[in-house]
Every structure is written in C-alpha cells, then in structure tokens.
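**Student:** Give me the fold of what follows.
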Amino acid sequence: MASGARVQHLHLPPFTHSLPAPLYFRTARMPAEATYPTHRHAWGEFVYAFSGVMEVALQHQHFLVPRHYGVWLPPGVEHRGMNRGEACHCSLYVSAELTGNLPATPCALTVTPLLRAVLDHLRQHPDRGPGDDAHQRLLQVAVDQLGSAECAGSYLPASRDPVLEPVLQALQDNPGDTRTIAELARAVHSTERTLMRRSQRELGMTLSEWRQRLCVLAAMQQLEVGLSVESIAHDLGYSSVSAFIAMFRRLMGVTPDEYRKERAGVTPG
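**Tutor:** Numbering: from 1, shown residues only. Next up, the predicted model:
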C-alpha cells in the first residue's frame, strides 16, 4: 500500500555507518508530507509517534504507527519512513548485538502504558552525554519492554489480491465512502461473500474492522488540525456523532476530545 502523500520535505537518515552508542534515542518533529528515503542500516530501530501517524514502508509490507503501536525494524531491513500530516516521533536504535530478545522480523508492537511513559520521559529528558548512566538504564528498560511486547501485525494491512486491492485503495482515497460491502464488491465485479472471505484471509480481519481502523487514522489527523468532532464524523460518513465517538473510543481507548487534549501538549524533546 503506497502512501498517497505528495512528498514535499525530504529528510536524510541521521546515521549511516555507526551509532553514537549501542542504545540511542532520537526524537524529531516532521512537517506534513515528509519522508525518509529508502535505506537500511546495521542496527535495529523502533519507531513510535507521539503525535500524528508515522508510516513505514518495506518491500512487501506497509506499517502505520498510531497511538497504541510502534514498528520494530530488525538490523538490515530496507525501509522508508513517511508521514502525511505533521508528526512528532522517536526512534530507539539498538545495536545488532543487543537485539537477541527482539523479534527477528519487522512487526508492529503494542506499546504498553509503561513503555509509553518511558519513551515520553526520554523525549523530555535528552541524553546528557558520556556518564549519563540513568539515561542508559532507562534505554535498557525500553528495550526490555520491547522484548516482551505483543506483536500486533500491521495496524492497517495491505493486500495485492486483485479483487481486494482496488477496494482498499478506493477506501483510502475516500475514508468517508459509505458504500456497503455488497456495493463495493459489485464495483470490482465480485460478490459480497467473496470480498468478505478474501478480506479475512488477506487482512486477518473483516473489511468492516479495516474500514473502522482507516477512519480512526483519518480522524486522528483531522483532530490534530483542529476540526470539530461533529465535522469529522460527518466527513467520515457516520450518521451520528455518538456512533463515531463510540467507534473511536473502542479502538483507541479514549474519546476524540480526550485524544486531542492528550496531543495538544506534545512538543519536541
């Protein structure tokens, strides 16, 4: 699933040959429509977005990084980072020799409240240089948490299935599309049953759940630029604001207004 963003800001990877330390934490604020070009490195990297939504594209996978998840990239994996809206993110770099307890393949990892608190502390209290033992100990706590984190797969998985792919692309182009599954199936000369079966097989979830996740990602960006909950609900095709709020809270654990308040105070570390 390729990003639909028109890249305006190109950012080069900060390290090319070596890391400043075996464990290193970095945070950055990215403008809208920004990208890190395709690259690979000899160390692992965990990417987490404090605000906005980061995207990580691999050769055959595409990960999105909303509030409850981060993406783990083992050493040597070719990848590209991007974001459609403004985002504040961090990268935790882990030298290859320290990745033994971390996943051997790229994956989205569930971020627990403890891990989120550790990452936020690291963001607000940068490394003070050689001898900052407390900082290094906290980095090790973060790595330990990653080692026991639940693998969540891709938050919004993609598919190259000839029937399913055009449906997913149409929905990404217009998250507020209100067509039923039967209507979407007819648009690609298929049946509702076939589309539902392929969604479960290819995505690991129903198409309805996939659409809700897509709406959440779209809503997050709209909330962060100040649009009202009522306007967002209408744009995303919800017949009532309460139905939209209930869906958002079920998937994100907070209401849209609570999400907005949480993100309002996020600044670069």
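**Student:** Now for the closest residue to Val94 other than its chain neighbours: which residues touch it?
**Tutor:** Leaving out its chain neighbours, the residue that sits closest to Val94 by CB to CB, 6 or more residues apart in numbering is Gly44, at 4.2 Å. All C-beta spots, glycine's among them, are computed from the backbone N, C-alpha and C. Gly44 is in contact with 72-75, 93-96, 99, 102, counting by CB atoms under 8 Å, 6 or more residues apart in numbering.
**Student:** Of those, just the buried ones, PyMOL syntax please.
**Tutor:** Applying 16 or more other CB atoms under 10 Å to the contacts of Gly44, the buried members can be selected in PyMOL as follows:
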select buried, resi 72+73+74+75+93+94+95+99+102
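**Student:** Let me have the contacts of Gly44 in CSV, adding secondary structure as columns.
**Tutor:** What follows is the contacts of Gly44, written out as CSV (DSSP: H, G, I helix; E, B strand; the rest coil):
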residue, secondary structure
Trp72, strand
Leu73, strand
Pro74, coil
Pro75, coil
Tyr93, strand
Val94, strand
Ser95, coil
Ala96, helix
Thr99, coil
Leu102, coil
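**Student:** ok, so of the contacts of Gly44, who is nearest Glu165?
**Tutor:** Leu73 (24.4 Å; CB to CB).
**Student:** Does the closest one touch Arg80 like I think?
**Tutor:** No - the criterion here is CB atoms under 8 Å, and Leu73 misses it with Arg80 at 10.9 Å.
**Student:** before we move on, the earlier item: gap between the residue nearest to Val94 and Gln169?
**Tutor:** 31 Å (CB to CB, to the nearest Å).
**Student:** Same check on Arg211?
**Tutor:** For Arg211, the distance to Gln169 - CB to CB - is 13 Å.
**Student:** who has more neighbours, the two?
**Tutor:** The residue with more neighbours, out of Arg211 and Gln169 and counting by other CB atoms under 10 Å, is Arg211; that gives 20 against 13.
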